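> Quick check, what structure comes out for this input:
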Amino acid sequence: MRRRSLLLAALPAGLVTLAGCGDDSSGSGNEEASPSASAPSAAPPPKIVDGPLPAITAGKEFGEKPTVAKGSGEPSKNLAVRTVIAGNGRTVAEGDFVQAHYLGQIWDSAKVFDNSYDRKTPLLIQLSQGSVIDGWRYALAGKKAGSRVETAVPPTWGYGKDGNSQAGIKGTDTLVFVIDVQETFNSKSSVKGEKVPQDDAALPTVGTNTDGKEPSVKVPKGDPPKKLVSAYVLEGDGAAVKKDQTVLVQMVGVVWKGGEKFESTYARKSLNQFALPQMEQVLKGVAQGLTGKKVGSRVLLVVPPDLGYGDTPPGGDVIKKDSTLVFSVDILAAM
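Prediction:
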């Protein structure tokens, strides 16, 4: 049985995984039309065919907002998938988190019901049943990061017979998506930043391996610092994380006193994804320590009790009252 993250168990229900949320500041009002808004599905795996698919008439380069022609004739009852641009990154697999820009429109009318390009924020979502429409799961599995994929999704593997009335999608509509797969992440992912000297003997040291294996966290014997420590171990070159974003991370957590481990995404083989505003309600030090750090970095966090669990630790016997906590966090992505 897979062990649940102790860290995420303390978050309010419904606030742990926010992969399907759009950028609220965009004013798009279309977050329910995104491919994450999936109706429960028990549909069998589709037969995948190579067409028909409408032409992409403009925005033909990877990362450019595409313009897609109206569908011609009747769409296939199967899942049509075409690799428009072949990437050479890591292969996408079921259960991975995928970061992608996309545009979705209706086959019969060419009406665009959602796109991430205008929001200038790619979607970060897990390819798993219930997290994304099944058409995406099957269309993207086996593709490589850096690829542009076009797919025509019949209702069976889209929004089902009920459609999505808010987006103007009927239960009979076949949907056309163009998807630019920027990156894919799984439990073996690691950041690749530049090493930063760890020369303060009063602070823990963190391993700098980038092979996807759990880095070591060695806590010194002295007293912990009284204030929050947030320091690069490996410094990436991505954008700085904003305080209102959702992050996807690999992480290890230990208690300063004794160095006992209470959290490891590596051991669970499951990445953590959380919104920083919600993490602020539970572990202020984690939210504050990651804010401003660059995506693609490994960060050492030392969280004092007043920014941690204080005198109300979570269940279990690892974290005691007024414990100082130490984390190694790989910031894989932010949305």
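
> can you pull out the helices in the stretch 51-200 of the chain?
Assigned helices in the stretch 51-200 of the chain, in chain order: 134-140 (criterion: DSSP state H, counting those that start in this stretch).

> pLDDT weak spots in this structure?
1-33, 36-42 (pLDDT under 70).

> Determine which residue lies closest to the centroid of it.
The centroid of the chain falls nearest to L124 when counting by C-alpha atoms, centre = their mean (4.2 Å).

> My guess is that one contacts V295. True?
No. Using C-beta atoms under 8 Å, L124 makes no contact with V295, being 11.0 Å away. All C-beta atoms are positioned from the backbone trio N, CA, C, and that covers glycine.

> Residues that sit against both of the two, list them.
Contact criterion C-beta atoms under 8 Å, 6 or more residues apart in numbering; residues shared by L124 and V295: A333, A334.

> Domains of the protein: list them as residue ranges, please.
48-184, 194-334 (the TED database).

> rewinding a little: find the residue closest to the residue nearest to the centre of the chain in space, skipping its chain neighbours.
M335 (4.2 Å; C-beta to C-beta, 6 or more residues apart in numbering).

> Please apply the same query to P155.
Leaving aside its sequence neighbours, P155 sits nearest to G171 (C-beta to C-beta, 6+ apart; 5.7 Å).

> count of neighbours near the one you found?
14 (other C-beta atoms under 10 Å).

> got it, and K47?
10.

> Tell me who's in contact with the nearest residue to it once chain neighbours are set aside.
The shortest distance from K47 to any non-neighbouring residue, by C-beta to C-beta, 6+ apart, is to N78 (4.4 Å). Applying C-beta under 8 Å, 6+ apart to N78 gives the contacts P46, K47, I48, V49, P154.

> from those, which two are the most distant?
Using C-beta to C-beta, the contacts of N78 span at most 11.8 Å, a distance reached by I48 and P154.

> between the two, which one's more packed in?
When I48 and P154 are compared for neighbours, P154 comes out ahead with 20 against 15, by other C-beta under 10 Å.

> what's the closest residue to the more buried one other than its chain neighbours in contact with, if anything?
Distances taken as C-beta to C-beta, 6+ apart place T174 nearest to P154, at 5.2 Å, with adjacent residues excluded. By C-beta under 8 Å, 6+ apart, T174 lies in contact with G71, P75, I106, W107, D108, A152, V153, P154, P155, G158.

> mind checking how far the second one is from G158?
In this structure, P75 and G158 are 11 Å apart, going by C-beta to C-beta, to the nearest Å.

> These two: which is more packed in?
Using other C-beta under 10 Å as the criterion, P75 and G158 rank with G158 on top: 27 against 21.

> May I have the phi/psi pair for that one?
With angles defined as degrees, to the nearest 10, G158 sits at phi -110, psi -110.

> Surely it is in contact with L175?
Yes. Using C-beta under 8 Å, G158 makes contact with L175 at a distance of 5.1 Å.

> I'd like the domains of the chain as TSV, with distance to P35 appended.
Shown next, in TSV, are the domains of the chain (distance: least, C-beta to C-beta, whole Å):
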stretch	distance to P35
domain 48-184	5
domain 194-334	16
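
> returning to that earlier point: what separation do you get for the residue nearest to P154 and D108?
As judged by C-beta to C-beta, T174 and D108 stand 8 Å apart.

> intersection of neighbour lists for those two?
Common neighbours of T174 and D108 (criterion: C-beta under 8 Å, 6+ apart): G71.

> In stretch 289-309, which residues are buried?
For stretch 289-309, the neighbour count (16 or more other C-beta atoms under 10 Å) marks 289-291, 293-305, 307-309 as buried.

> Out of those, list just those in helices.
Within the buried residues of stretch 289-309, residues falling in helices by DSSP state H are G289, L290.

> So which of the buried residues of stretch 289-309 belong to strands?
Judged by DSSP state E, these include R298, V299, L300, L301, V302, V303 as members of strands.

> which ones are touching the second one?
So the one you mean is V299. V299 touches S230, A231, Y232, V233, G289, L290, K293, F327, S328, V329, I331, counting by C-beta under 8 Å, 6+ apart.

> secondary structure class for Y266?
Under DSSP: H, G, I helix; E, B strand; the rest coil, Y266 falls in the helix class.

> Understood, closing this out.
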